[in-house]
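*Asks:* sequence first, then the predicted structure:
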Amino acid sequence: MAKKKSGRKPSAAFMKPMTPSAALAEVVGSKPIPRTEVTKKLWAYIKKNGLQDKKNKRMINADAELKAVFGGKASVNMFEMTKLVSKHLK
């Protein structure tokens with residue numbers, strides 16, 4: 001019998017469905033979804049609304065909905081975005 005090779009499992013913490021805050025729900029919906037999905041949906045929203053900075057692609061220019069999520073900041077970088085968004089997940 002072949003021994004099963006243990007592949008690297010994705011971190012359970014990232015896969016656990018989280019409930020978005022009211023501000024974040026405006027962008028990604030209010031159903032509990034994993035962090036990975038939250039990030040995917042955010043990027044889809046950013047691209048759909050052309051909120052990525054033209055000169056510096058790592059910067060996101062917030063519209064009214066995202067400003068609420070970003071704590072009122074007009075623009076944040078990608079890493080700051082994930083940090084700010086995690087505050088909106090329970």
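*Replies:* In hand now; what should we look at?

*Asks:* report the secondary structure state of the residue nearest to V28 when sequence neighbours are not counted.
*Replies:* Of all residues not flanking V28 in the chain, K41 sits nearest, at 4.2 Å (CB to CB, 6 or more residues apart in numbering). To be clear about C-beta, it is placed using only N, CA and C from the backbone, and glycine gets the same treatment. Assigned state for K41: helix (three-state reduction, DSSP: H, G, I helix; E, B strand; the rest coil).

*Asks:* just to check, K41 is in contact with S30?
*Replies:* No. Counting by CB atoms under 8 Å, K41 does not reach S30; the two are 11.9 Å apart.

*Asks:* who's more crowded, the two?
*Replies:* For K41 versus S30, neighbours defined as other CB atoms under 10 Å are more numerous around K41 (16 against 12).

*Asks:* residues contacting the residue nearest the centre of the chain?
*Replies:* Centroid-nearest residue in the chain, with CA atoms, centre = their mean: T39, separated by 2.7 Å. By CB atoms under 8 Å, 6 or more residues apart in numbering, T39 lies in contact with T82, V85.

*Asks:* P32 now?
*Replies:* For P32, the contact set (CB under 8 Å, 6+ apart) comprises P17, M18, T19, P20.

*Asks:* got phi/psi on it?
*Replies:* When read as degrees, to the nearest 10, the backbone of P32 gives phi -60, psi 130.

*Asks:* gap between it and I46?
*Replies:* In this view, P32 and I46 are 22 Å apart by CB to CB, to the nearest Å.

*Asks:* do D53 as well
*Replies:* D53 sits at a distance of 10 Å from I46 (criterion: CB to CB).

*Asks:* which of the two has more neighbours?
*Replies:* Ranked by neighbour count (other CB under 10 Å), D53 and I46 place I46 first, with 19 against 12.

*Asks:* model confidence for the residue nearest to V28, exactly?
*Replies:* If you check K41, the pLDDT there is 96.
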